[in-house]
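Q: Sharing a model that was predicted from the sequence below.
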Amino acid sequence: MQEILEAIVQGVVQGATEFLPVSSSGHLSLAQHFMGVQNTSLLFNVMLHIGTLAAVVLVYRRLILRLLLALVSLVRDVFTGRFKWSAMDPDRNLLVMLILGLVPLFLLFLPVPGTGMRVKDYADLWGTDSTILVEGVALLATSVLLLAAHLKSRAMTAAAANRAHGGSQQAGRRRFTAADALTVGVVQCVAAVFPGLSRSGSTLSAGLLRGINRQTALDYSFVLGIPAIVAAAGLELLDAVKAQEAVQVAPLLVGMVVSAVVGFFAIKLLRWMVSSNKLIPFVVYTAVLGAAVIVVAVIEQNTGVNLVTGVPLW
């Protein structure tokens with residue numbers, strides 16, 4: 001029963017925070033820290049990722065289908081010499097910009113000189129160590145990014161209203177450029193390293209700060225996250241196979257289903273909040289949580305004990 005309860009809690013945390021701009025990696029790290037969960041099953045993490053993947057695919061199934069059709073026609077035109085960058089329709093433009101946005105992820109596999117580690121290894125290091133200080137600082141950084149994006153979006157909306165003389169006019173660009181895509185891709189890469197720095201919040205903020213329309217920036221952020229989720233699940237699955245972990249089927253299935261259901265409603269909630277420019281609750285939440293986590297981390301460092309479980313940190 002204990003394993004099922006932990007699976008439900010972690011499924012809720014993963015499903016909600018994978019898409020809401022509050023950091024899934026940061027919240028999972030905090031949940032595991034305060035629940036005293038050590039050495040979380042890699043296979044369990046894979047199933048959580050599969051659950052959230054199912055949620056985003058379900059919500060964006062029509063857009064994903066259009067992008068797959070655009071991919072087929074793009075490949076055909078490239079090989080027949082009919083491809084023209086300047087003549088791309090919206091779906092093909094989005095597809096090409098998504099591909100460009102994924103390129104910076106290869107930076108995660110670069111070796112860090114003198115450490116014997118790759119860039120991506122720091123995410124595992126900071127997410128599983130005994131301190132939660134990195135998570136607290138990263139949550140504060142998420143709050144700052146979201147606030148900057150909110151202010152930029154509000155300014156764009158006001159400017160659009162002035163141009164329309166009180167009427168309705170779409171604020172921000174609806175098409176990404178190569179510079180936009182690479183900027184968002186680099187931001188996603190940075191967010192992947194720091195637990196507490198929200199991937200969805202960072203990429204959404206980067207799009208808004210580049211002058212992209214709110215809904216366009218959000219849709220791009222979600223779809224861009226699909227390959228990242230698949231890659232994370234694939235890497236963890238390989239590690240799980242190598243480790244030859246014992247399998248507990250019930251917690252795996254419960255965690256996957258819970259993360260999928262919660263993730264589905266989290267996407268719907270965020271789409272509504274972004275469309276109505278209501279990012280401030282996330283700004284406040286990540287700021288308050290980040291500050292509280294930093295305070296707790298400092299206390300734990302001084303006492304050497306987990307404040308919730310009472311277990312020594314070292």
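A: Ah, there it is. Residues are numbered from 1 along each chain as shown.

Q: helix, strand or coil for Lys278?
A: When classified by DSSP: H, G, I helix; E, B strand; the rest coil, Lys278 comes out as coil.

Q: what residue ranges in the stretch 51-200 of the chain are flagged as low confidence?
A: Applying pLDDT under 70 to the stretch 51-200 of the chain flags the ranges 164-170.

Q: For the residue nearest to Arg154 when sequence neighbours are not counted, give me the backbone phi and psi.
A: Nearest residue to Arg154, sequence neighbours excluded (Cβ to Cβ, 6 or more residues apart in numbering): Asn277, at 6.4 Å. C-beta coordinates here come from the backbone N, C-alpha and C atoms, glycine included. Phi and psi for Asn277, reported as degrees, to the nearest 10, are phi 60, psi 50.

Q: mind listing the helices for the chain?
A: Ranges of helices in the chain, per DSSP state H, are 2-17, 24-35, 42-59, 61-80, 90-102, 121-128, 133-163, 178-193, 199-209, 214-243, 249-275, 280-303.

Q: Tell me which of these is the most buried.
A: With neighbours defined as mean count of other Cβ atoms under 10 Å, the helices of the chain peak in mean count at helix 199-209, which reaches a mean of 27.

Q: Just the CA atoms of that helix, as CSV, please.
A: The C-alpha coordinates for helix 199-209 follow below in CSV (Å, rounded to 0.1, in the frame of the first residue of the first chain):
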residue,chain,number,x,y,z
ARG,A,199,11.0,23.5,-19.1
SER,A,200,7.5,24.6,-20.1
GLY,A,201,7.7,27.9,-18.2
SER,A,202,11.2,28.6,-19.6
THR,A,203,10.3,27.8,-23.3
LEU,A,204,7.0,29.6,-23.0
SER,A,205,8.7,32.7,-21.6
ALA,A,206,11.4,32.6,-24.2
GLY,A,207,8.8,32.6,-27.0
LEU,A,208,6.9,35.5,-25.4
LEU,A,209,10.0,37.5,-24.8
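
Q: Could you check the angle that helix makes with helix 90-102?
A: In terms of direction (axes from the mean of the first three to the mean of the last three Cα atoms, to 10 degrees), helix 199-209 departs from helix 90-102 by 120 degrees.

Q: helices and strands around helix 199-209, which ones?
A: Packing partners of helix 199-209 (3 or more Cβ pairs under 8 Å, 6 or more residues apart in numbering; DSSP states H and E): helix 133-163, helix 178-193, helix 214-243.

Q: list the contacts for the residue nearest the centre of the chain?
A: Centrality entry for the chain: nearest residue to the mean C-alpha point is Arg199, 3.0 Å, by Cα atoms, centre = their mean. When contacts are counted by Cβ atoms under 8 Å, 6 or more residues apart in numbering, Arg199 is found next to 23-25, 188, 191-192, 225, 228.

Q: Turn the residues you listed into a markdown table, including distance to Thr286.
A: Formatted as a markdown table, these follow (distance: Cβ to Cβ, whole Å):
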| residue | distance to Thr286 |
| --- | --- |
| Ser23 | 8 |
| Ser24 | 13 |
| Ser25 | 13 |
| Gln188 | 17 |
| Ala191 | 13 |
| Ala192 | 17 |
| Gly225 | 18 |
| Ala228 | 20 |
